[in-house]
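Visitor: show me the folded form of this:
(2 chains, ligands or ions: 2)
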Amino acid sequence: MAGKIKRLLALGAVVLTTAALAWAGSEDQPKAGGAPKPVITKATKGEHCVEPNDFMRRNHMKVLLHHRDETVLEGIRTKKYSLKECINCHASEKTGSVAASKDDFCVSCHSYAAVKIDCFDCHSTKPQGSMAMHPLNAETAHYAHKLAAQANSKVSAEEMAGVAQ
Amino acid sequence: MSDMKSMSDKTPSSPERRHFINAATVAAGVTLVPGVMLIEVAHGRPEDQAASSAVRWGMLVDATKCATGCDECVSACSTENGWTPVAESQHKKQAPQWIRKLELQDPLTQLETNLPMMCQHCAEPPCVDVCPTGASFKRADGIVLVNRHTCIGCRYCMMACPYKARSLVHEPLNDTQKPDVPRGVGCVEACTFCVQKVDRGDGTTACVEACTAAGHNALVFGDMNDPESEISKRLRELPTKQVRADLNLNLGVRYHGI
Ligand code: SF4
Ligand code: SF4
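Guide: Ligands and ions are numbered 1, 2, ... in the order given. Just a heads-up that it's a prediction; the model follows:
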């Protein structure tokens, strides 16, 4: 299962090939025919994604939507197509997150394609068991969320939509 | 009296209910020892299997054991589910309170009673009745939840709930959420009976674990449909009440000693 998820990561790298003229990124950003392309970092875990990259690039939102309703309404918690599993594999090594900096997996393509997502208004962008989630002892456990807040570098809604760039 | 009667119809010990459970477990499958099988139905639901109405999760609060000044259950909930404790909140009146500790005193006798109050997981939840979008819903296993994907933050459910169990997230949470517990600005939320733990098969909640670990043993969580579960046994032995039983909501949380 974990192997499959890796493929998802690679998938994220490819986006619509249409021009994203306004998108100007850092120096090390890949370019195709002069046009900047989103940075697609390789997944930190797994061999390949749960579906072929091409499929996931075009359809990840559909499978996520379907899975989300099954999980919330019925309590079905399979790993395939679970957003949590995407995050487990795709959180970047640098930030430990899929959406903390503009090169992180989800944000990178979404700013390139100028598609604003609000998944991370509610969902954690970090995998389970990452440093921010480390359970503290009973006395200080309620400070965990403060530590997590400090460890965050935020990405604004504008950045996520790509308009700030 | 008629109240009593209708309640007892719904208690897990009723022969009819037991009969139904047995039928359900047989339908579910396989086992050699009936007791083992019941436990599997209640706690070992495979991750690809939907929550089932053969189970009804419930909690028993023994107010005679709930200790004065103790808030272990409240801080455990805050830790498990990632909400900011009221004491640390900048806007205390708006602070989320999935579970809160009440200290009551009878003005005539001075008798003090301690108890935690939270979403009662009503079988007939008013919060679900009033929700204009269907975001407030009851899962098959009796857990009442808010689907944050469809909640528009209108707060009708907060008005409708007789137990003041729900709160609205007023501020962006800036990625401080737990991976298992998505929650966010503009949505209403309440106790989920630790649905993430229940689905994982823990068969208990963070508050119950904390209360037990602190040695108070005032909380019991379990399947009220399973006559062999600890909670069903305790409910058979102890006199319990539903808060505002007059509303006839058939609550998932029962109190002893109030
Ligand atoms: S206690 Fe309130 S929030 Fe919980 S199910 Fe009943 S009405 Fe809804
Ligand atoms: S606040 Fe959300 S869950 Fe409550 S009634 Fe409105 S839409 Fe429904």
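Visitor: contacting residues for the nearest residue to residue B:156 once chain neighbours are set aside?
Guide: Counting by CB to CB, 6 or more residues apart in numbering or on different chains, the nearest residue to residue B:156 once its immediate chain neighbours are dropped is residue B:130, at 4.5 Å. Placement of C-beta: from N, CA and C, glycine included. Counting by CB atoms under 8 Å, 6 or more residues apart in numbering or on different chains, residue B:130 touches B:136, B:156, B:157, B:159, B:160.
Visitor: need the contact list for the closest residue to residue A:128 other than its chain neighbours.
Guide: What sits nearest to residue A:128 in space, not counting adjacent residues and going by CB to CB, 6+ apart, is residue B:179, at 4.4 Å. Residue B:179 makes contact with A:84, A:87, A:123, A:124, A:126, A:127, A:128, A:133, according to CB under 8 Å, 6+ apart.
Visitor: and these, which two are furthest apart?
Guide: Of all pairs drawn from the contacts of residue B:179, the greatest distance, 13.2 Å, lies between A:123 and A:133 (CB to CB).
Visitor: compare these two and say which one has the larger neighbour count.
Guide: residue A:123 (25 against 19; other CB atoms under 10 Å in any protein chain shown).
Visitor: you'd agree that one is up against residue A:86?
Guide: No: taking contacts as CB atoms under 8 Å, residue A:123 lies outside contact range of residue A:86: 10.0 Å.
Visitor: restricted to buried residues, select the contacts of residue B:130 in PyMOL.
Guide: Buried residues within the contacts of residue B:130, as defined by 16 or more other CB atoms under 10 Å in any protein chain shown, are selected in PyMOL through the command that follows:
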select buried, chain B and resi 136+156+157+160
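Visitor: among the contacts of residue B:130, which are located in strands?
Guide: Using DSSP state E to define strands, the subset of those located there is residue B:136.
Visitor: and the two most separated of the contacts of residue B:130?
Guide: B:136 and B:159, at 11.8 Å, using CB to CB across these.
Visitor: residues contacting the residue most central in space within chain B?
Guide: Centroid check for chain B by CA atoms, centre = their mean gives residue B:193 as the closest residue, at 4.5 Å. If a contact means CB under 8 Å, 6+ apart, then residue B:193 has B:57, B:59, B:119, B:121, B:143, B:205, B:221, B:252 as its contacts.
Visitor: relative to residue B:58, how far out is it?
Guide: Applying CB to CB, to the nearest Å, the value for residue B:193 to residue B:58 is 9 Å.
Visitor: between those two, which contacts overlap?
Guide: When contacts are counted by CB under 8 Å, 6+ apart, residue B:193 and residue B:58 are jointly contacted by B:121, B:221, B:252.
Visitor: quick check: of those, which lies closest to residue B:80?
Guide: Within these, proximity to residue B:80 (CB to CB) peaks at residue B:221, which comes in at 13.1 Å.
Visitor: the closest one bridge partners, please.
Guide: residue B:59 (DSSP bridges).
Visitor: and it, how many neighbours?
Guide: As a measure of burial, residue B:221 has 27 neighbours, counting by other CB under 10 Å.
Visitor: just residue B:58 next, same as before
Guide: For residue B:58, using other CB under 10 Å, the count is 26.
Visitor: that one reaches residue B:224, doesn't it?
Guide: Yes: counting by CB under 8 Å, residue B:224 is a contact partner of residue B:58 at 3.9 Å.
Visitor: residues shared between the contacts of the two?
Guide: Between them, residue B:58 and residue B:224 share the neighbouring residues B:142, B:231, B:252, with contact defined by CB under 8 Å, 6+ apart.
Visitor: that older thread, farthest-apart pair in the contacts of residue B:193, please.
Guide: Greatest spatial distance among these (CB to CB): B:119 and B:221, at 13.3 Å.
Visitor: ok, the residue in chain A that chain B sits nearest to - how many residues close by?
Guide: Among residues of chain A, the one nearest chain B by CB to the nearest CB turns out to be residue A:122. It sits 3.3 Å away. Under the neighbour criterion other CB under 10 Å, residue A:122 is assigned a count of 18.
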